[in-house]
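Student: could you look at this predicted model? Sequence included:
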Amino acid sequence: KAGVTQTPRYLIKTRGQQVTLSCSPISGHRSVSWYQQTPGQGLQFLFEYFSETQRNKGNFPGRFSGRQFSNSRSEMNVSTLELGDSALYLCASSIIGGPDQETQYFGPGTRLLVL
Amino acid sequence: GQNIDQPTEMTATEGAIVQINCTYQTSGFNGLFWYQQHAGEAPTFLSYNVLDGLEEKGRFSSFLSRSKGYSYLLLKELQMKDSASYLCAVRLDNYGQNFVFGPGTRLSVLP
């Protein structure tokens, strides 16, 4: 079974631009979560999507948004980029129900640099 | 607010045993998770505790005391490949995947 994939892997943007990141979960996984990881703040939860609905949300400003499609693929968007948005953005998928439901599988991440 | 504390760095010798502690104060609790993250890689799931006590999985064990807001991860028979960051995380509720992560403990295993 293929793992979680994220595109692109690396991205350079300038302040004020917007960016869209994509995540394809493991086949059969319907929950997709997004995280931001920085050296200073560590791993922080952005939001979770399940069945095309945002089910949970962390403490990030409204510039961070996401969506999920009917095939469970998810995108996150950051508008009006700031220097502090430079980070590794990780996507994780999990199955609902069953013995493996407590496990989140992380993708390799998208490294975003804002100049 | 949410607060999870872990030691920043630890060093141990190959073949030894190391215990990584985690204390938490969170608005909700529906499980404590440990993840391993090698440098430049994504985190991988190690263990999960929702009830008090010890969960053992091969060379790794994890303990939870909900009344004390405390957990530890025990790594036995350390190998060089265990050099990584270990992240403690609390799931806040039983409605989906709403997590707070600790800052991580960077473990260095020396020969």
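Tutor: Everything's here; your move. Residues are numbered from 1 along each chain as shown, chains lettered A, B, ... in the order given.

Student: what residues of stretch B:81-89 count as buried?
Tutor: Neighbour-count burial for stretch B:81-89 flags B:82-89 (criterion: 16 or more other CB atoms under 10 Å in any protein chain shown). C-beta: built from backbone N, CA, C; applies to glycine.

Student: from the residues you listed, which ones fall inside strands?
Tutor: Secondary-structure check on the buried residues of stretch B:81-89 using DSSP state E: residues within strands are B:84-89.

Student: so which of these would count as near chain A as well?
Tutor: When contact is defined as CB under 8 Å from any CB of the partner chain, those meet chain A at B:87, B:89.

Student: from the ones in strands among the buried residues of stretch B:81-89, which is closest to chain A?
Tutor: The closest of these to chain A turns out to be B:Leu87 (CB to the nearest CB; 6.3 Å).

Student: for B:Thr23, which non-adjacent residue is spatially closest?
Tutor: Using CB to CB, 6 or more residues apart in numbering or on different chains and skipping the chain neighbours, the partner closest in space to B:Thr23 is B:Asp5 (4.9 Å).

Student: the one you found: how many residues sit nearby?
Tutor: Other residues near B:Asp5 come to 14 when the count uses other CB atoms under 10 Å in any protein chain shown.

Student: which residues touch the most centrally placed residue in chain A?
Tutor: Central residue check for chain A by CA atoms, centre = their mean: the C-alpha nearest the mean position is that of A:Trp34, 3.0 Å away. Counting by CB atoms under 8 Å, 6 or more residues apart in numbering or on different chains, A:Trp34 makes contact with A:23, A:45-48, A:66, A:74, A:76, A:89-92.

Student: from chain A, how far off is the residue nearest to B:Thr23?
Tutor: Shown here: B:Asp5 relative to chain A, a distance of 12 Å by CB to the nearest CB, to the nearest Å.

Student: hmm, that residue is touching B:Gly69, no?
Tutor: No: with contact defined as CB atoms under 8 Å, B:Asp5 does not reach B:Gly69; the gap is 9.8 Å.

Student: other SSEs contacting the helix or strand hosting B:Leu107?
Tutor: Following DSSP states H and E, the helix or strand that holds B:Leu107 is strand B:105-110. Taking 3 or more CB pairs under 8 Å, 6 or more residues apart in numbering or on different chains; DSSP states H and E as contact, the helices and strands that strand B:105-110 lies on are strand B:9-13, strand B:18-25, strand B:84-91.
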